[in-house]
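[1] Below: sequence and its predicted model.
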Amino acid sequence: MNSNLINTVWELLKTTGKPEILWVVLPLAITTLLMVIYFQRYKDERPGWNDYFANSLILIFVSMALFRAIYELDILGLGNYLEYGWKTLAVLLLLIFGTLIVKLNFGHFFPERLSRIISSPLTTNTIAFIVILYVHTGLENSWTLFLSLLLILLGLLIVFNLIKWPIRKMFEYSEKIKKKEKIENIQQEKFEISELDKAIKYKKKKLNKQKIKDLDKQKKEALRLKKEIKK
């Protein structure tokens, strides 16, 4: 990887610090991270078609925002769509892609496993982020620029997939601790019940002995009274 490519990647990443981009990128990043954490926490839970449909709508919303961004790039207004033809084409392709998967998800056209991949927040938000970078960058079109965008796309996908492992392990460890605590609590409750049962049996035994003594005493008293009556 040459220095020119590294510098281009760095310049693109610095673009996210611009206020007009940050307010768009930050919600995408937070949403993606939270969804990754959620599905590692509840790994047996599967999203439904409504989730796939909602996720794909994000691409349409981002496309509309980017068309506005191109319009406001300079004083040309509508002329910017021709002046920045490659940026316009990128946003148009994003819009077409978003509209297509919205329609296909609405009709449940794809196999669910494929829709889960294509319409996952990780996929849709990462693609949207790359197009956002391209529209807002001031760098000239070149193979270096396009390769840098591709590297950022692959890098983000790799990073988000890599962080799944420690997150999943953390939740698995947490569940293991909870199960251990639950077992210990059950064992403690069983011990307390056993001790209480022993105490109850002891008290019953003690009460029975006392009752027997009282009955013997009453019996002796009855015999004594009977003898006195006979006299």
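    It's in.

[2] quick one, helices of the protein?
    Shown for the chain, the helices assigned by DSSP state H span residues 3-15, 19-41, 49-71, 80-83, 85-106, 112-118, 121-136, 143-162, 164-230.

[3] got those as JSON lines, with mean pLDDT columns?
    As requested, those are arranged in JSON lines below (pLDDT from 0 to 100):
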{"stretch": "helix 3-15", "mean pLDDT": "85"}
{"stretch": "helix 19-41", "mean pLDDT": "81"}
{"stretch": "helix 49-71", "mean pLDDT": "85"}
{"stretch": "helix 80-83", "mean pLDDT": "88"}
{"stretch": "helix 85-106", "mean pLDDT": "90"}
{"stretch": "helix 112-118", "mean pLDDT": "78"}
{"stretch": "helix 121-136", "mean pLDDT": "89"}
{"stretch": "helix 143-162", "mean pLDDT": "90"}
{"stretch": "helix 164-230", "mean pLDDT": "74"}
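
[4] what sits against A69?
    Residues near A69 by C-beta atoms under 8 Å, 6 or more residues apart in numbering: 20, 135-136. Placement of C-beta: from N, CA and C, glycine included.

[5] can you rerun that using 10 Å?
    20-21, 24, 80, 84, 87, 91, 132, 135-136 (C-beta atoms under 10 Å, 6 or more residues apart in numbering).

[6] swap in L100?
    L100 neighbours (C-beta under 10 Å, 6+ apart): 56, 59, 109, 118.

[7] distance of L150 from L133?
    11 Å (C-beta to C-beta, to the nearest Å).

[8] Neighbour count for the two, which is higher?
    It is L133, of L150 and L133, that has more neighbours when counted by other C-beta atoms under 10 Å, with 22 against 11.

[9] Which residue is the nearest non-sequential neighbour of the more buried one?
    L12 (5.1 Å; C-beta to C-beta, 6 or more residues apart in numbering).

[10] looking at it, the one you found is touching S148, isn't it?
    Yes - under the criterion of C-beta atoms under 10 Å, L12 makes contact with S148 at 5.8 Å.

[11] So which of those two has more stuff around it?
    A count of neighbours by other C-beta under 10 Å puts S148 above the other of L12 and S148, at 26 against 20.

[12] Settle this for me: that one is touching N2, isn't it.
    No - at 11.2 Å, S148 does not count as touching N2 under the criterion of C-beta under 10 Å.

[13] which residues do these two both contact?
    With C-beta under 10 Å, 6+ apart, S148 and N2 have common neighbours T8.

[14] centroid residue for this protein?
    Centrality entry for the chain: nearest residue to the mean C-alpha point is Y38, 1.4 Å, by C-alpha atoms, centre = their mean.
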